[in-house]
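>>> how does the following fold in three dimensions:
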Amino acid sequence: EVQLVESGGGLVQTGGSLRLSCAASGFTFDDYAISWFRQAPGKGREGVSCIGSADGSTYYADSVKGRFTISVNNAKNTVYLEMHSLKPEDTAVYYCAAGVLGKYNYWGQGTQVTVSS
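Reported below is the predicted structural model:
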């Protein structure tokens, strides 16, 4: 059974930090890129960051560059998203997804991140 399980969300004050985890199982991890998306209330889904599991190449949305860092632990089939200098506009449900060439086959259930002002 394919599973992507996010954890690490929560409530934090402006300027604070959180680390999200995405634990993957049930598929060949190295064959996929793992991305983090987020969706705020009343807004569309936004791609936040992506990492190639095999080569470690990374991508960041302009809105999070310099504040968020994505990393992967291949031994644990887990991708992390370190989030620093959080802003109220970072408040959203964060999802991880596994995909190939931009097509995302597998999604997690999401974890809520709330940044208070």
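
>>> which ones are touching T69?
Shown in contact with T69 (CB atoms under 8 Å, 6 or more residues apart in numbering): L81, E82, H84. C-beta: built from backbone N, CA, C; applies to glycine.

>>> count the neighbours of the last one for me.
Right, H84. The criterion is other CB atoms under 10 Å. On that basis, H84 has 14 neighbouring residues.

>>> so it is in contact with K65, correct?
No - between H84 and K65 no contact is recorded; they are 11.8 Å apart, counting by CB atoms under 8 Å.

>>> could you find the closest non-adjacent residue to S25?
Residue nearest to S25 in three dimensions, not counting chain neighbours: Q3, with 4.9 Å by CB to CB, 6 or more residues apart in numbering.

>>> nope, Q13 is what I was after
The spatial neighbour of Q13 that comes closest, neighbours along the chain excluded (CB to CB, 6+ apart), is S116 at 5.4 Å.

>>> same deal with C96?
On the basis of CB to CB, 6+ apart, the spatially nearest residue to C96 that is not a chain neighbour turns out to be C22, at 3.4 Å.

>>> so the residue positioned nearest the centre of the chain is in which element?
Against the mean C-alpha coordinate of the chain, by CA atoms, centre = their mean, the closest residue is W36 at 2.9 Å. In this structure, W36 is located in strand 33-39 according to DSSP states H and E.

>>> state the mean pLDDT of that strand.
Averaging pLDDT along strand 33-39 gives 97.

>>> how far out from the middle of the chain is the helix or strand following that strand?
On the C-terminal side of strand 33-39, the nearest following helix or strand under DSSP H and E is strand 45-52. In terms of CA atoms, centre = their mean, to the nearest Å, the centre of strand 45-52 is found 7 Å from the chain centre.

>>> in its sheet, which strands sit next to strand 45-52, and in what direction?
The strands beside strand 45-52 in its sheet (DSSP bridges) come out as strand 33-39 (antiparallel), strand 58-60 (antiparallel).
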